[in-house]
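**Student:** sequence and predicted structure are below.
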Amino acid sequence: MKALRNSFPLNMGRETHATETDGSSVFWDRNSPIQNRESKIENMKSSHFACIMAGGSGERFWPMSRTQTPKHLLKLFSERTLLEETVRRAQTTVPADNIFVLTNVTQLASAREALAGILPPDQIIAEPAKRDTAPAAALATALVRSRGGDDATLALLPADAFIADTAAFGRQLGAALTRAGTGNAILTIGIKPDHPATGFGYLEMGDTVATGTGGVVRVVKRFVEKPDLATAKQYVDSGRFAWNAGMFFWRVGVFLAEAERNAPELAAFVRSFPGGRETESYLAKNFIGLPKISVDYAIMEKARAVEMLLTEFDWDDVGLWTALPKHLPMDAAGNTVRGAVLTNDATNNIALSNGRLIALCGVKDLVVVETADAILVCHRDAVQDIKKITQQLPKALL
């Protein structure tokens with residue numbers, strides 16, 4: 001793939017900084033008039049938005065996850081769902097009135113119930129058809145444009161990641177929105193890899209173009225699809241690659257310009273979006289006709305200028321049951337349990353009870369999950385095959 005050339009005017013080989021109203025350095029153009037900086041930052045804060053993608057099919061965490069309650073609607077690590085945790089993290093930087101959740105018709109009621117008292121129902125929007133992340137990005141941009149115009153800046157975030165360091169996330173979320181709001185580049189988040197993962201896409205990093213308390217911003221040279229293990233090892237060893245976390249930031253006008261060049265159907269959808277009371281009828285008529293394609297393919301890989309902010313917070317996409325022991329207490333025998341669970345001579349198991357007692361005796365390396373109508377017993381090495389089980393289930397258990 002051809003390397004992306006960065007044409008963002010602030011990236012002319014010099015570092016840029018922004019100054020927040022508390023005096024901290026984030027990112028800003030050194031040549032901008034000092035007297036204009038604080039007022040410009042305050043204006044940007046009111047035009048910062050966050051749109052959270054909350055879809056999914058509910059397969060990987062069956063039997064707790066179902067079609068109506070996929071992973072982001074589960075309380076895996078606390079008394080809050082992953083969706084609620086994501087919204088609350090966004091609220092550390094973005095006003096609650098400027099946060100939208102994008103879900104689907106099947107999960108709309110569950111999402112609104114999970115966020116009752118946190119977000120009003122009209123900020124939780126149902127996509128009428130499953131169309132992948134590029135149409136979701138267009139809908140997010142359209143919603144933000146209807147409220148803030150072409151100069152508004154948005155963060156497009158997944159609902160189901162686990163992030164413990166809320167303070168660091170909030171600081172970098174604000175820095176990313178500020179950076180994306182001051183130029184013509186699209187910004188993404190790069191996760192520093194700690195092992196050669198084959199389940200993530202990668203970003204190849206180019207030159208550093210900005211530094212500050214918000215972190216380090218580098219040019220994205222190219223996007224790379226999920227590699228095999230040997231290639232992933234090469235990426236990690238080189239120090240030139242980061243994981244693609246699926247978090248994106250752009251000004252509305254920048255997204256429209258890129259969409260008009262590379263995905264005109266998305267641009268037309270955004271420009272025609274009426275907002276307000278007509279949103280539901282407009283989506284019912286127009287959303288299903290959008291191309292079923294990811295935002296990476298439709299926009300990011302073809303964009304004229306893409307930058308990456310390297311994370312300084314922890315991150316886990318929590319893709320399988322075996323991710324839980326990293327974030328939950330473990331007993332002396334290596335068992336991670338929640339709910340009514342007893343163990344005897346059992347080691348390295350994961351067990352979650354949602355009501356009935358689970359008793360583990362003389363077993364190891366199992367995942368056992370109990371719900372009111374189903375029980376999963378699975379070897380830890382086979383959790384990636386749970387989808388094969390769900391394909392055999394009756395509709396009532398999906």
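**Tutor:** Received the coordinates, thanks.
**Student:** got the CA coordinates for stretch 56-65 in CSV?
**Tutor:** The C-alpha coordinates for stretch 56-65 follow below in CSV (Å, rounded to 0.1, in the frame of the first residue of the first chain):
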residue,chain,number,x,y,z
GLY,A,56,-22.1,-6.1,18.0
SER,A,57,-23.7,-9.6,17.7
GLY,A,58,-23.1,-10.9,21.2
GLU,A,59,-21.3,-14.1,20.2
ARG,A,60,-17.9,-14.1,21.8
PHE,A,61,-19.2,-13.8,25.4
TRP,A,62,-22.1,-16.2,25.2
PRO,A,63,-24.0,-17.3,27.2
MET,A,64,-23.9,-13.9,29.1
SER,A,65,-23.9,-11.9,25.9
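**Student:** buried set for that stretch?
**Tutor:** 56-65 (16 or more other CB atoms under 10 Å). For glycine as for every other residue, the C-beta is placed from the backbone atoms N, C-alpha and C.
**Student:** now swap in stretch 135-149 and tell me
**Tutor:** For stretch 135-149, by 16+ other CB under 10 Å, it's 135-148.
**Student:** looking at the buried residues of stretch 56-65, which two lie furthest apart in space?
**Tutor:** Gly56 and Pro63 (15.3 Å; CB to CB).
**Student:** can you classify Phe249 by secondary structure?
**Tutor:** strand (DSSP: H, G, I helix; E, B strand; the rest coil).
**Student:** my guess is Pro135 contacts Leu266, does it?
**Tutor:** Yes: Pro135 lies in contact with Leu266 (CB atoms under 8 Å); the separation is 7.1 Å.
**Student:** overlap in contacts of those two?
**Tutor:** Residues touching both Pro135 and Leu266 (CB atoms under 8 Å, 6 or more residues apart in numbering): 290-291.
**Student:** partner strands of the helix or strand containing Val216 and their direction?
**Tutor:** Element membership for Val216 (DSSP states H and E) is strand 215-224. Its sheet considered, strand 215-224 pairs with strand 202-212 (antiparallel), strand 306-310 (antiparallel) by DSSP bridges.
**Student:** centre of the chain versus it, how much separation?
**Tutor:** In terms of CA atoms, centre = their mean, to the nearest Å, the centre of strand 215-224 is set 17 Å apart from its chain centre.
**Student:** tilt between the next helix-or-strand element following it and strand 202-212?
**Tutor:** Toward the C-terminus, strand 215-224 is succeeded by helix 229-238 as the next helix or strand (DSSP H and E). Helix 229-238 runs at 20 degrees relative to strand 202-212, counting by axes from the mean of the first three to the mean of the last three CA atoms, to 10 degrees.
**Student:** for helix 229-238, list every residue counted as buried.
**Tutor:** 231-232, 235-236.
**Student:** still on that earlier bit, Leu83: which of the strands paired with strand 215-224 is closest?
**Tutor:** strand 306-310 (23.2 Å).
**Student:** may I have that closest one as CSV, with CA atoms only?
**Tutor:** Output of strand 306-310 as CSV, limited to C-alpha atoms (Å, rounded to 0.1, in the frame of the first residue of the first chain):
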residue,chain,number,x,y,z
VAL,A,306,-3.6,10.9,8.9
GLU,A,307,-1.9,11.3,12.2
MET,A,308,-1.6,9.1,15.3
LEU,A,309,-1.6,9.9,19.0
LEU,A,310,0.3,7.3,20.9
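**Student:** below-threshold pLDDT in the stretch 251-398 of the chain: ranges please.
**Tutor:** Counting by pLDDT under 70, the stretch 251-398 of the chain contains no low-confidence range.
**Student:** show me the helices in it, by range?
**Tutor:** With helices called from DSSP state H, counting those that start in this stretch, the stretch 251-398 of the chain shows them at 252-262, 264-272, 279-286, 295-298, 386-390.
**Student:** can you give me how far the last one is from the chain middle?
**Tutor:** In other words, helix 386-390. Worked out by CA atoms, centre = their mean, helix 386-390 lies 24 Å from the chain centre.
**Student:** helices or strands next to that helix in the packing?
**Tutor:** Applying 3 or more CB pairs under 8 Å, 6 or more residues apart in numbering; DSSP states H and E, one finds that helix 386-390 contacts strand 375-379.
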